[in-house]
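K.L.:
Just a sequence and a predicted model for now, questions to come.
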Amino acid sequence: MPKTKQKTHSGAKKRFRKTSTGKIKYASTDRGHFMTEKSSDRKRKLRRGGYLSGKQAKNISRLLNN
């Protein structure tokens, strides 16, 4: 009997990407609305994303099935 395939977590695939080197990349939060109230410096910093490390990266990688 064939084993069942693991499904990719649909919430995780919308929020995280795996880079070619294997790191887990994510976009910054707080960019949805009320942008006029945020300073230019703050909005500029929000453009940059980030990378997960350690146990968080391992857990998300498991959800992405990559």
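P.N.:
Perfect, thanks for sending it.
K.L.:
Contact partners for Lys45?
P.N.:
The neighbourhood of Lys45, defined by C-beta atoms under 8 Å, 6 or more residues apart in numbering, consists of Ser28. C-beta: built from backbone N, CA, C; applies to glycine.
K.L.:
and the gap between it and Thr19?
P.N.:
Between Lys45 and Thr19 the computed distance is 21 Å (C-beta to C-beta, to the nearest Å).
K.L.:
What does the pLDDT read for the residue of the chain positioned farthest from its centre?
P.N.:
Relative to the centre of the chain, and counting by C-alpha atoms, centre = their mean, the farthest-placed residue is Met1 at 35.0 Å. Per-residue confidence (pLDDT) for Met1: 74.
K.L.:
chain center to the longest helix belonging to the chain: distance?
P.N.:
When the chain is parsed with DSSP state H, its longest helix is helix 54-64. Mean-position distance between helix 54-64 and its chain equals 10 Å (C-alpha atoms, centre = their mean, to the nearest Å).
K.L.:
Need the contact partners of that helix.
P.N.:
So helix 54-64 is contacted by 8-9, 12-13, 16, 18, 23-24, 51-52 (C-beta under 8 Å, 6+ apart).
K.L.:
Now that helix: buried residues?
P.N.:
57, 60-61, 63 (16 or more other C-beta atoms under 10 Å).
K.L.:
Adding distance to Ser28 and pLDDT, write these out as CSV.
P.N.:
As requested, the buried residues of helix 54-64 are exported to CSV (distance: C-beta to C-beta, whole Å; pLDDT from 0 to 100):
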residue, distance to Ser28, pLDDT
Ala57, 17, 95
Ile60, 16, 95
Ser61, 20, 94
Leu63, 20, 93
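K.L.:
Now the host helix or strand of Gly11: buried residues?
P.N.:
Secondary structure from DSSP states H and E places Gly11 in helix 10-15. Across helix 10-15, burial judged by 16+ other C-beta under 10 Å covers Ala12.
K.L.:
which neighbours does the following helix or strand past that helix have in its sheet, and in what orientation?
P.N.:
Sequence-wise, the next helix or strand downstream of helix 10-15 (DSSP H and E) is strand 16-18. Strand 16-18 has the following sheet partners, assigned by DSSP bridges: strand 24-26 (antiparallel).
K.L.:
Noted, bye for now.
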